[in-house]
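In: Give me a 3D structure for the following:
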Amino acid sequence: MSDARTPAQIEADIVRRRAQLAVTLDEIGVRLHPKTIIGDAKAKVASTVDETAGRAFVAVNRVVTDVRSRFVDEQGAPRLERVVPVALLAVGVIGLIAVSSSRRHRH
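Out: Residues are numbered from 1 along each chain as shown. Take a look at the predicted model:
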């Protein structure tokens with residue numbers, strides 16, 4: 001059994017390898033083109049922004065759910081034992097601000 005190749009086989013192999021090399025060079029050219037590099041960078045930034053926004057949404061949603069669960073029961077009714085003190089505190093703070101503001105305007 002001989003491993004010798006015919007000239008036609010060698011020529012066909014050369015043609016095939018040239019075609020593969022041309023494809024590889026075209027791919028490298030596309031990858032190194034400034035528009036491709038900029039497009040890849042934009043896509044990476046957009047992906048990072050989307051991921052960060054998603055994490056922020058989950059975190060905010062978790063906080064809102066936690067706060068809501070403190071002031072509303074499972075049926076959606078307000079927990080008056082928690083709502084009333086917070087409402088009174090808010091009214092007191094607003095009252096103090098109003099009094100302080102009116103004193104400043106008089107002087």
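
In: secondary structure class for residue 76?
Out: Following DSSP: H, G, I helix; E, B strand; the rest coil, residue 76 is assigned to coil.

In: Give me the distance from the longest helix seen in the chain to the chain's centre.
Out: As assigned by DSSP state H, the longest helix anywhere in the chain is helix 34-71. Once both centres are worked out by C-alpha atoms, centre = their mean, to the nearest Å, helix 34-71 turns out to sit 3 Å from its chain's centre.

In: Check which helices and strands the next helix or strand after that helix sits against.
Out: Counting by DSSP states H and E, the next helix or strand C-terminal to helix 34-71 is helix 80-106. In terms of contacts (3 or more C-beta pairs under 8 Å, 6 or more residues apart in numbering; DSSP states H and E), helix 80-106 is packed against helix 34-71. In this view, the C-beta of every residue, glycine as well, is placed from N, C-alpha and C.

In: how does it look with 6 Å?
Out: With contacts taken as 3 or more C-beta pairs under 6 Å, 6 or more residues apart in numbering; DSSP states H and E, helix 80-106 sits against no other helix or strand.
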